[in-house]
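Visitor: With the input below, show me the fold.
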Amino acid sequence: MSDAQEVPENDEADAPAQPSAEVDVVIVGGGIAGLVAARELVVGGLSVTLVEASDRLGGKVAKHSLDGLVLDAGAESFSTRRGTVADYATKLGLGDDVVAPNASGAWLQPVNGPALPLPKAGLLGIPSIPLAADVIDVVGLAGALRAQLDSLLPGVYGSKEQTLGGLVRKRMGRAVLERLVAPVAMGVHSRHPDELVADVVAPGLRSRLKQEESLASAVRAMRAAAPAGSLVAGIRGGIARLVDVLTGDLERFGVEVRLGTRVTELDASGVTLDDDSRISARHVVLAAPDDGLTGRAGNPSATPAPIVLATLVLRSEALDAEPRGTGVLVAPGSTTVTAKALTHATRKWSWLAEKAGEHRHVLRLSYDGSRLGDGDDAALRRTAIADAQALLGVPIAAADVLDFDRVEWRAPSPDERPAPEGVSVIGESVAGTGLAAVIAHSRAESAQIITLLSAPPADF
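Guide: This is a model prediction of the structure:
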């Protein structure tokens, strides 16, 4: 029996069987948030039914096959901050397969001009040494001198700014924000720093700023306090292995999973399905886009544009030289390419390079869907080839491409509206972007639900 099939230590295999008429918890949505919650709840002794509208589980944590290679079709790495995902992968039996990326680092494509190595001594692009040569190369001497003024400003200056963009703009100026922080933030979180809450994407940064009296010093202190190693990691074989293991655990623990089933109404007592049947529950968890199910008034205009991922598998001896390290982040407004980021996946992950073999490479290019227009897959393929050639600085012909796929994801709008009583909301819209945030939030919410439903009734 493989590690992924063994019952993890301290988890009970004899989870309760599902009642036929009512369950303790019904979960709407089978993405990573819903899967994590379902596992936590059933291991905690509650009966669980999970309802998913599509025909598969995992949401944005997905896989596809190109030219015989099984690749991640969504997230391909996770933040190592606090060890959240690595610890959870270990709990699932995947600890030995958590791997660090190649240490060569990424490059940056400015708005104009050639690509440059991305400064390494930073946090989300915020430089720890503003006058470092690699920072000056990107933001210019004037931009670096403005950023250095950060060391002369009082620690409280800008510390009340809620967004990452507002904080960096106040402390280090517009050049660092737009030329360094924005490309990194867009590549990691698919949002401009002005749309990212600083305390969510960089926990502790604002408080460190007040302690250290400068943003650069705060970044240095946080980097020094972080565990040694890369700021991101992956899983040998792909992040989608998390879904495979979680799905197997839910089946083994007796969670009822209903695929291809849409919820039309939802309240604290259960959910109504598209066939007009009803699942009654003591508690409801919404792990999917709200879409008006809870009756909370949303703002459709705030929904971000879709993220389009174009994956190329190609044969190229020129790429063996790894011309741009693990990939390229593109500054917003770049006139050079349409893509907002490129990952040279076979350079980033040694396990994938071994599977791909000699001269075969995997490139992942991400796009803001609003910039692509109505082009079909053939048009996107041509755009991806042209962008890859421009970003990597090597010739790539259409005949070099062995396989191609297009995947589109829609990020939910951030949602801080309170859920109805008896309904818990989990997932990206409330937890923030990234596996670390989503998994931590789902587990915390699940622990609260277990405590709530396990408490003895009040004695009146």
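Visitor: For the stretch 301-450 of the chain, which segments count as helices?
Guide: Remark: helices assigned in the stretch 301-450 of the chain by DSSP state H, counting those that start in this stretch are 345-348, 350-356, 377-392, 428-431, 435-454.
Visitor: Ok, the stretch 1-150 of the chain next?
Guide: All helices of the stretch 1-150 of the chain, identified by DSSP H, counting those that start in this stretch, fall at 32-43, 84-91, 133-148.
Visitor: name the helices or strands packed onto the shortest one?
Guide: Spelled out, that is helix 84-91. strand 98-99, strand 232-235, helix 435-454 (3 or more C-beta pairs under 8 Å, 6 or more residues apart in numbering; DSSP states H and E). Just so you know, the C-beta spots here come from the backbone N, C-alpha and C atoms, and that holds for glycine as well.
Visitor: can you check the last one too?
Guide: Using 3+ C-beta pairs under 8 Å, 6+ apart as the contact criterion, the secondary-structure elements in contact with helix 133-148 are strand 116-117, helix 174-176.
Visitor: For residue 111, give me its contacts.
Guide: The neighbourhood of residue 111, defined by C-beta atoms under 8 Å, 6 or more residues apart in numbering, consists of 179, 331-335.
Visitor: quick one: which of these is nearest to residue 22?
Guide: residue 332 (50.3 Å; C-beta to C-beta).
Visitor: now the strands for the stretch 151-300 of the chain?
Guide: 232-235, 256-258, 263-267, 270-273, 278-286 (DSSP state E, counting those that start in this stretch).
Visitor: Any idea which of the ones you listed gets closest to residue 112?
Guide: strand 232-235 (28.3 Å).
Visitor: Packed most tightly, which of the helices of the stretch 1-150 of the chain would that be?
Guide: helix 32-43 (a mean of 27; mean count of other C-beta atoms under 10 Å).
Visitor: Show me how far it is from its chain's centre.
Guide: Relative to the centre of its chain, helix 32-43 is centred 18 Å away, using C-alpha atoms, centre = their mean, to the nearest Å.
Visitor: Who are the packing partners of that helix?
Guide: strand 22-28, strand 48-51, helix 241-253, helix 435-454.
Visitor: quick one: which of these is nearest residue 358?
Guide: Shortest distance between residue 358 and the helices and strands packed on helix 32-43, using C-beta to C-beta, is found for helix 241-253: 25.4 Å.
Visitor: Can you tell me which helices and strands that closest one packs against?
Guide: For helix 241-253, the packing partners by 3+ C-beta pairs under 8 Å, 6+ apart are helix 32-43, strand 256-258.
Visitor: quick revisit: need the strands of the stretch 151-300 of the chain in CSV (columns: distance to residue 85).
Guide: Formatted as CSV, the strands of the stretch 151-300 of the chain follow (distance: least, C-beta to C-beta, whole Å):
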stretch, distance to residue 85
strand 232-235, 7
strand 256-258, 23
strand 263-267, 28
strand 270-273, 29
strand 278-286, 21
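Visitor: can you list those strands in JSON lines and add mean neighbour count?
Guide: Output for the strands of the stretch 151-300 of the chain, formatted as JSON lines (neighbours: other C-beta atoms under 10 Å):
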{"stretch": "strand 232-235", "mean neighbour count": "22"}
{"stretch": "strand 256-258", "mean neighbour count": "18"}
{"stretch": "strand 263-267", "mean neighbour count": "17"}
{"stretch": "strand 270-273", "mean neighbour count": "19"}
{"stretch": "strand 278-286", "mean neighbour count": "21"}
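Visitor: Out of these, flag the one nearest residue 30.
Guide: Closest approach to residue 30 among the strands of the stretch 151-300 of the chain is made by strand 256-258 (7.1 Å; C-beta to C-beta).
Visitor: what does that closest one rub up against?
Guide: Applying C-beta under 8 Å, 6+ apart, the set of residues contacting strand 256-258 is 18, 23, 30, 48-52, 57, 247, 250-251, 273.
Visitor: Just the endpoints, please. Distance across stretch 332-344?
Guide: Separation of the first and last residues of stretch 332-344 by C-alpha to C-alpha, to the nearest Å is 20 Å.
Visitor: what comes into contact with that stretch?
Guide: 76, 109-112, 178, 182-183, 186-187, 192, 310, 319, 322, 324-330, 361-368, 371-372, 383-384, 386-388, 390-392.
Visitor: Just give me how far it sits from the chain centre.
Guide: When distances are taken as C-alpha atoms, centre = their mean, stretch 332-344 is centred 19 Å away from the chain's centroid.
Visitor: buried stuff in that stretch?
Guide: Using 16 or more other C-beta atoms under 10 Å as the test for burial, stretch 332-344 gives 334, 336-344.
Visitor: What score does residue 413 have for pLDDT?
Guide: pLDDT for residue 413: 65.
Visitor: residue ranges with poor pLDDT in the protein?
Guide: Within the chain, the ranges that satisfy pLDDT under 70 run 1-21, 227-229, 290-304, 412-418, 456-460.
Visitor: domain assignment for the chain?
Guide: Split into domains by the TED database, the chain comes to 23-59+238-299+414-454, 100-118+229-235+305-410, 121-227.
Visitor: Which one, of those domains, ends up nearest to residue 81?
Guide: So among the domains of the chain, domain 23-59+238-299+414-454 is nearest, using C-beta to C-beta, at 6.0 Å.
Visitor: Can you get me a residue count around residue 369?
Guide: Residue 369 has 15 neighbouring residues, counting by other C-beta atoms under 10 Å.
Visitor: what's the answer for residue 361, then?
Guide: Other residues lying near residue 361 total 26 when counted by other C-beta under 10 Å.
Visitor: Look up which residues are beta-bridged to it.
Guide: Taking DSSP bridges as the rule, residue 361 bridges to residue 314.
Visitor: Help me confirm that it comes into contact with residue 346.
Guide: Yes - using C-beta atoms under 8 Å, residue 361 is in contact with residue 346, at 4.9 Å.
Visitor: Same list, the domains of the chain, but as JSON lines with distance to residue 88 please.
Guide: Compiled in JSON lines, the domains of the chain are given as follows (distance: least, C-beta to C-beta, whole Å):
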{"stretch": "domain 23-59+238-299+414-454", "distance to residue 88": "5"}
{"stretch": "domain 100-118+229-235+305-410", "distance to residue 88": "11"}
{"stretch": "domain 121-227", "distance to residue 88": "16"}
